[in-house]
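Enquirer: Would you be able to build a 3D model of this:
(chains A and B)
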2 protein chains.
Amino acid sequence: MKYESVQQAVAALKKFQATMAAYNHALGVLYLDATTAAPSDTWEGRGKTMEIMSEITYNLSTDPGNEELLSYLESHGDELDPQTKREVEVLRKGFDQTRKIPAEEYVAYSVLMNDAQAVWAKAKNEDDFASFAPYLEKIMDYNRKFAGYYNPDMKPYDALLNEYEEGLNMETLDAFFAQLRDTIVPLIAKIQAVPQIEDAFLYKHYPVEIQRKFSDYLMEVLGMDRTHCGIAETEHPYTTNFNNKDVRITTHYYEDNLVSSMFSVVHEGGHALYELGADDCYNYTALSGGVSMGIHESQSRFYENIIGRSRAFVHAIFPKTKELFPQQLEGIDEEMFYRAINKAEPSLIRTEADELTYALHVMVRYEIEKQVIGGTLAVADIPAEWKRLYKEYLGVDVPNDALGCLQDSHWSGGSVGYFPSYALGSAYGPQMLKVMEKELGDIWADVAQGDLSRVTGWLRAHIHRHASFKKPGALFEEVCGKFDASYYTDYLTKKYTELYNL
Amino acid sequence: MKYESVQQAVAALKKFQATMAAYNHALGVLYLDATTAAPSDTWEGRGKTMEIMSEITYNLSTDPGNEELLSYLESHGDELDPQTKREVEVLRKGFDQTRKIPAEEYVAYSVLMNDAQAVWAKAKNEDDFASFAPYLEKIMDYNRKFAGYYNPDMKPYDALLNEYEEGLNMETLDAFFAQLRDTIVPLIAKIQAVPQIEDAFLYKHYPVEIQRKFSDYLMEVLGMDRTHCGIAETEHPYTTNFNNKDVRITTHYYEDNLVSSMFSVVHEGGHALYELGADDCYNYTALSGGVSMGIHESQSRFYENIIGRSRAFVHAIFPKTKELFPQQLEGIDEEMFYRAINKAEPSLIRTEADELTYALHVMVRYEIEKQVIGGTLAVADIPAEWKRLYKEYLGVDVPNDALGCLQDSHWSGGSVGYFPSYALGSAYGPQMLKVMEKELGDIWADVAQGDLSRVTGWLRAHIHRHASFKKPGALFEEVCGKFDASYYTDYLTKKYTELYNL
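Expert: Model prediction:
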């Protein structure tokens, strides 16, 4: 036996995890640099570095020695503390999965990903789905195959869903989305029958310099510790975390749009608060960072929509907002601002969708992925199906594929089964809010004063601090009881009925 | 034998170098992030990552397998192309040196470095040399010991000098500095007897926003390809390069100082042009990047002083400078600007010294290092010796150690024998200029029009493109003939005699 004691094996396990964390940190900073500061034509050298680093981490994580280490620790499970036990469990899952994919398929898939990303970008730019289709077909084929490796007992799409949200399956999602649809589609119809909200003032000229100050202010209201959280500017906003003391968010400023960056900051700020709130003990282990996409989106969308698009929040930030943009907001009052940032209108682009219609955008993608992986829809037929579903769910005509099925980068990046977690995250929020209000009483008086400390404190205590220690489904249930989408549909119905006087 | 063919061994060598380049890229980006964008309190996680990465690269570079690889290639030296041969030579030197230091001493020294940096920063801040002295003593002791490992046949300080500039020794430097002193000290005395130049307008209020635009303009005049070269803001300006297509410079803006950032940009721009000008074939090898500190400083100081502080350059940039800062430069003409940026005046701080007095600052450090490593000066006596030498060479009274021997970070960072390359680089420039002018004819008409293409083209062809392929001394001699400090002293004498009407 290679390991003489549990203590020795645990030390090896911790060292392995710290090493992987170091590589992830390095790769993360390379990506951050690439998207925020790097000159435009520097991708070649960075590509080489990332390729070498990825190969090294792949070799490290598939090293046969890991089998020995994990087996030894599994056979001494009773002697491990709960955290180490969970680390073994998480590492085992990753180890088995990567190992199950034959090395040559893994490499071929990586090469395909790299090519597909460029082909997709060009296809989107030129509205040319046909050029991307052969790549997407291979990606879908690989994912179907990988699903079989991951979990041969599950239906392929269930196995893929399970990758992004442990325990999630089509049965749950079918019911979930049906319920959303039954609520949202009639609400949209009613809204279209009444006068629309005026929001043109949000799209006046908003100088970037002042929007930057606005971001700093919003981060302050969110209670973000700026000694541990930075903000940068990128094409597409995102959040990245190196450990619970070093988190970065990004935003994108548009000179003629106040709300795009405003809600990017609040949304990414929600992701960042989650990462910053993790307990120190999970740093540099496989349990660091948020546990799943669904839980992560539940936090970001909680801050963005439930808090950020509330009357109380608007009350808190409106004076400062008006101080920063006095001309642009001349004649606008709190209520007008509140209504404008909540305007609901079916549209073409998911990332620009409002709180009400957002889930329908996700639903279109879910239906298509389900059919393609299930083998009942050919990749070539995606564009037509996309158009059909947008018309059916949202009532909009998709004029071309660039504004249709080519809009997202997920598929070209190999993420199939990822989209539903966006809707799930949105739906977790209102149920969390109910429990929070039950335990804390009225939180809105605090929010109206720009004080989110009790809200964030509660989320930290119940969600953030656990990082990836608990499984996402179990974590949610422990805090909120069984998941019930009615909290979400009730929330939407109440909010939009009141807002539009339906 | 592990290697079956030269081809196989060369492939292993290239792969090893590419791997090291990838780690250096990752470590470089971590440092760039730390100094430009990272929130203030994120050092802990970054420290862990850098520690792990450093340990991995140390293990990689001292791996016994390298001995086998290098020996095999050395025994097949005739079959190697010149580049590969030089790669083997450079790698051998590094390999032997790292190996010669016992592992426990290497680790102890790394720990000492880490501690010393923090102790020095505090000591400087509190003007408390005594608290830093024990660390400096250990650093000097280690360096004396390492010198013996590196090159037991050389005097210890010569061996250290050789680390930063291959072939450099005290004999050369003693003569060099004596000649500088004989020229510069009388010039300073003469300047002090005539009316001083008026430069107060350089220290008016210069908004950072506009200084940023000024930097962009200066980089344009330098002919910098911005798709391969970025600029960021840091406490202390520096240049870093990941490959010849990805170079970053940094600067520091002061609201009440136009010239600090202006000449940082031109100085770092010179470093950057050197790195950008390397031939592609050296990327991802041990020959990538500038060959020595001396050659590097020769380029940066060439652009900063010989070009950047010339009448021709001022003629080129003055209209735009005045356009950006019309109020600050009201009533100022080209000649007044030229004179102001060349004002010479003995001062306390090396990094703020003018072109004339700069070398004397370096000379003080050289004399002290020489004596301490030679064993004729105790670390405890450095402050007194520093004050004595500043008085003797520059005629200034050093009021305290914070403004004296604690001002530089080099010693606390373990760099002993590094300083002289600054003066050497400054002295290389005028000799290069002579050869350049002989070959290109008048370059100043170009410079006066803001066209540096022939200047940079010449430096690229003779210096930049070679990266680390040639040894620094040989490279210089091939281009300029035997090094002769008279070019430098003549240049200074002529420039300052004319400037001050001496």
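Enquirer: give me the low-pLDDT residue ranges for chain A?
Expert: Scanning chain A for pLDDT under 70 picks out A:1.
Enquirer: Close to chain B: what parts of it are there?
Expert: For chain A, the residues in contact with chain B (CB under 8 Å from any CB of the partner chain) are A:18-19, A:21-22, A:25-27, A:29-30, A:32-33, A:36-42, A:44-46, A:48-49, A:52-53, A:56, A:226-230, A:232, A:242-243, A:245-246, A:248, A:283-284. For every residue, glycine as well, the C-beta is placed using N, CA and C.
Enquirer: Next step: these restricted to strands.
Expert: Here DSSP state E is the test, and the residues of chain A next to chain B give A:229-230, A:232, A:242-243, A:246, A:248 as lying in strands.
Enquirer: Quick one, which of the residues of chain A next to chain B are buried?
Expert: Taking 16 or more other CB atoms under 10 Å in any protein chain shown as the criterion, what is buried in those is A:18-19, A:21-22, A:25-27, A:29-30, A:32-33, A:36-39, A:42, A:45-46, A:48-49, A:52-53, A:56, A:228-230, A:232, A:242-243, A:245-246, A:248, A:283-284.
Enquirer: re earlier: between which two of the ones in strands among the residues of chain A next to chain B is the distance greatest?
Expert: Pairwise distances across these peak at 17.7 Å for A:Ala232 and A:Asn243 (criterion: CB to CB).
Enquirer: okay, now the nearest residue to A:Met293 once chain neighbours are set aside: neighbour count?
Expert: Nearest residue to A:Met293, sequence neighbours excluded (CB to CB, 6 or more residues apart in numbering or on different chains): A:Ser421, at 3.8 Å. Residues contacting A:Ser421 under the criterion other CB atoms under 10 Å in any protein chain shown number 23.
Enquirer: buried set for the host helix or strand of A:Ser421?
Expert: Per DSSP states H and E: A:Ser421 is located in helix A:420-440. For helix A:420-440, a neighbour-count test (16+ other CB under 10 Å) marks A:420-434, A:436 as buried.
Enquirer: before we move on, what about stretch A:256-268?
Expert: For stretch A:256-268, the neighbour count (16+ other CB under 10 Å) marks A:257-268 as buried.
Enquirer: count of neighbours near A:Ile184?
Expert: Residues lying near A:Ile184 (other CB under 10 Å) number 25.
Enquirer: following the helix or strand harbouring it, which helix or strand comes up?
Expert: Using DSSP H and E, A:Ile184 falls within helix A:170-192. Note on helix A:170-192: by DSSP H and E, the next helix or strand toward the C-terminus is helix A:208-221.
Enquirer: Tell me which other helices or strands the helix holding A:Ser421 touches.
Expert: Where contact means 3 or more CB pairs under 8 Å, 6 or more residues apart in numbering or on different chains; DSSP states H and E, helix A:420-440 is packed against helix A:156-164, helix A:170-192, helix A:293-301, helix A:358-374, helix A:453-462, helix A:472-480, helix A:486-500.
Enquirer: Next, the angle from the third one to helix A:156-164.
Expert: What that stands for is helix A:293-301. Counting by axes from the mean of the first three to the mean of the last three CA atoms, to 10 degrees, helix A:293-301 lies at 60 degrees to helix A:156-164.
Enquirer: quick one, what contacts the residue of the stretch 251-400 of chain A found nearest chain B?
Expert: Relative to chain B, the nearest point of the stretch 251-400 of chain A is A:Tyr284 (6.6 Å; CB to the nearest CB). Applying CB atoms under 8 Å, 6 or more residues apart in numbering or on different chains, we find A:Tyr284 in contact with A:14, A:17-18, A:21, A:243, B:45, B:48.
Enquirer: which one's the longest helix in chain A?
Expert: As assigned by DSSP state H, the longest helix anywhere in chain A is helix A:6-36.
Enquirer: Backbone dihedrals for A:Pro152, please?
Expert: phi -60, psi -20 (degrees, to the nearest 10).
Enquirer: swap that for A:Asp397, please
Expert: Dihedral angles for A:Asp397 - degrees, to the nearest 10 - are phi -90, psi 120.
Enquirer: Distance of it relative to A:Arg388?
Expert: Distance from A:Asp397 to A:Arg388, counting by CB to CB, to the nearest Å: 11 Å.
Enquirer: neighbour count winner among those two?
Expert: Using other CB under 10 Å as the criterion, A:Asp397 and A:Arg388 rank with A:Arg388 on top: 14 against 9.
Enquirer: Quick check: which element contains that one?
Expert: Using DSSP H and E, A:Arg388 sits within helix A:382-389.
Enquirer: which residues does A:Leu258 contact?
Expert: With contact set as CB under 8 Å, 6+ apart, A:Leu258 has these partners: A:202-204, A:206, A:211, A:214, A:325, A:328.
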